[in-house]
Structure formats: structure tokens, C-alpha cells
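Peer 1: here are the coordinates; sequence isn't available:
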């Protein structure tokens, strides 16, 4: 399967990949503490940087969220938005400052500090399961296949190598800098899609006349139990390693707290 793209489209996509690689490899910086620099960008992440990297990573699940939106409409805000915002805010008010002030590196470090090495090891295993990149590599592979028409397995391998190559060189700072690049591309993309779609197809009147009523329902036809289940799933935000890493990397307590709230 492949999407038919013009030469201009292909050029823009290739420029994107090259831009990510250039920024990622260029971001490498030598610090006084090599471990702290590699894992946490020297704990120097400012508020704008933290917002950009958190938004770029938190708003993930491109294919899954896209499919859900297509099938169930604006209920995606209630199912995939509101629960995570609630627990994200709780993280900001209750945990962000404490996480930053602990000056640790990972969640397992905290488990070792409070309990012992065995609990820390078990926590490491659970954290690895929680943050497994497999679904994201699959999403990248599917998108790569749609664009270039390559075999899915080969698409996953190529897109994965592109995604992780600069991380081995520049560590977390490379991730943050490429996230900033992707943050701007994401919102520029939204800013272009909305007016062009509105001009070509129409505004709210067009949507109301073309989509099933349940698409515009806040619940999307789902039961209350189904929605509550997603609120329970969203509790995992409180143990999201991405939040912890970015709080550890923030330059101070206020940056960690307000970075999450703004995001």
C-alpha cells in the first residue's frame, strides 16, 4: 500500500527527515557530568523547551487517535483528552516539584532510595514494559510504508534506525531539540490544514451535514462505564517516565510544574 504523492510532497518529507537528523546530531554537547548531560541534558531544560518536548511526546498515538477520531468524533476529547489533562494537572501540583528537587535520574532510582535494589529492579522491568516503543515503531513503519511503498518490516527497521540514531550520539538533548522542531511543524501543519479544509469543503455546516450525529456527540455513543474505564487508564500519567525525565531535566522546580500545566 502506498499513498500517491507529488515530487513536492516527497521533497518536503525527505527534508523533514534530514532536518530531524541534522538537529539531532548537531545537538550533542559536552557537559561536566557526562551521565547527567546524556540522560537529562545537564538539567538545563527551560520552560519553552520543556513545553515543546512534552507536547511533542505526550500527544502521541497518531494512528490510534486518528482512527478513534474518525470512528467516534469529538468524543476523543473526552476519552483521550480530559482524563490525561486531569492527571497531568495533579502531577504538576503534587509531584513535579518534588521530582525535580530529588535530583535523581529515573523512577527506579527513587524506588532504590525508598526501598531496596530488588524493588528497584522490579520497577525497572515494569517501567520498560510501560514505555516499550514497539507501538510507536509500528506507527512509524506504517507511515513510512504509506509514503515510500516499501515492505512493512523494512519500513519499521529504516524508520527506527532514523529515529534512534541521533539519540545514541546526543542523548536527551538531541531528543529535546528534535521535539522542538517537531512541535513547530505540528502546529504549522494544523494551522495550514484547518483553513485549507474549510475553504475547500466548508465549515461547521459542511461537517454537520456530512457526518453521522454520534460523531458530534460528546460521548460518541459510548457508555459511561467505557468512559470511566479510560479515566482509570489515564491514572498511569502519574507514573509516566516521560514526565519524570522531563521534570528531572528541568532547570528548577517552577519550570517542571508550569511546563506540565502549560502543556
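Peer 2: Arrived safely. Note that this is a predicted model, so its numbers are computed, not measured.

Peer 1: let me know whether residue 101 touches residue 254 as I believe.
Peer 2: No. In this structure, residue 101 is not within contact of residue 254 by C-beta atoms under 8 Å, at 11.1 Å. For the C-beta atoms, the positions are set from N, CA and C on the backbone; glycine is no exception.

Peer 1: and residue 245, how many neighbours does it have?
Peer 2: 24 (other C-beta atoms under 10 Å).

Peer 1: likewise for residue 144?
Peer 2: Using other C-beta under 10 Å, residue 144 has 22 neighbouring residues.

Peer 1: so how far is residue 155 from it?
Peer 2: If you measure residue 144 against residue 155 using C-beta to C-beta, to the nearest Å, the figure is 4 Å.

Peer 1: with residue 21 instead?
Peer 2: From residue 21 to residue 155 the distance is 17 Å (C-beta to C-beta).

Peer 1: the two: who's more crowded?
Peer 2: Under the criterion of other C-beta under 10 Å, the comparison of residue 21 against residue 155 puts residue 155 first, with 22 against 16.

Peer 1: wait, doesn't that one sit right on residue 141?
Peer 2: Yes. Assessed by C-beta under 8 Å, residue 155 is found in contact with residue 141 at 4.3 Å.

Peer 1: which parts of the stretch 151-263 of the chain are helices?
Peer 2: 152-201, 204-210, 224-233, 241-249, 253-262 (DSSP state H, counting those that start in this stretch).

Peer 1: kindly reformat those helices as a markdown table containing mean pLDDT.
Peer 2: Formatted as a markdown table, the helices of the stretch 151-263 of the chain follow (pLDDT from 0 to 100):
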| stretch | mean pLDDT |
| --- | --- |
| helix 152-201 | 92 |
| helix 204-210 | 90 |
| helix 224-233 | 93 |
| helix 241-249 | 95 |
| helix 253-262 | 97 |
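
Peer 1: gap between residue 162 and residue 155?
Peer 2: Taking C-beta to C-beta, one finds residue 162 at 11 Å from residue 155.

Peer 1: and if you look at residue 28?
Peer 2: 27 Å.

Peer 1: excluding chain neighbours, what is closest to the residue sitting nearest the centre point of the chain?
Peer 2: By C-alpha atoms, centre = their mean, the chain has its centre lying nearest to residue 57, at 1.7 Å. Closest residue in space to residue 57, ignoring its immediate chain neighbours: residue 242 at 5.4 Å, by C-beta to C-beta, 6 or more residues apart in numbering.

Peer 1: ok, the one you found touching residue 56?
Peer 2: No. Here residue 242 does not reach residue 56: they are 10.3 Å apart, not a contact under C-beta under 8 Å.

Peer 1: more neighbours: the two, which one.
Peer 2: Legend: neighbour count by other C-beta under 10 Å for residue 242 and residue 56, higher for residue 56 (21 against 15).

Peer 1: residues contacting the more buried one?
Peer 2: Residues in contact with residue 56, defined by C-beta atoms under 8 Å, 6 or more residues apart in numbering, are 179-180, 182-183, 186.

Peer 1: of the residues you listed, buried ones?
Peer 2: Among those, those classed as buried by 16 or more other C-beta atoms under 10 Å are 179-180, 182-183.

Peer 1: turn these into TSV, columns for distance to residue 233.
Peer 2: Listed next are the buried ones among the contacts of residue 56 as TSV, based on distance: C-beta to C-beta, whole Å:
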residue	distance to residue 233
179	24
180	29
182	25
183	25
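
Peer 1: from those residues, which single one is nearest residue 64?
Peer 2: residue 182 (18.1 Å; C-beta to C-beta).

Peer 1: contacting residues around residue 100?
Peer 2: Taking C-beta under 8 Å, 6+ apart, we find residue 100 in contact with 247-248, 250, 252-253, 255-256.

Peer 1: what helix or strand does it sit in?
Peer 2: In the assignment (DSSP states H and E), residue 100 maps to helix 97-102.

Peer 1: the next helix or strand after that helix packs against which elements?
Peer 2: Counting by DSSP H and E, the element after helix 97-102 in chain order, helix or strand, is helix 107-114. With contacts taken as 3 or more C-beta pairs under 8 Å, 6 or more residues apart in numbering; DSSP states H and E, helix 107-114 sits against helix 117-130.
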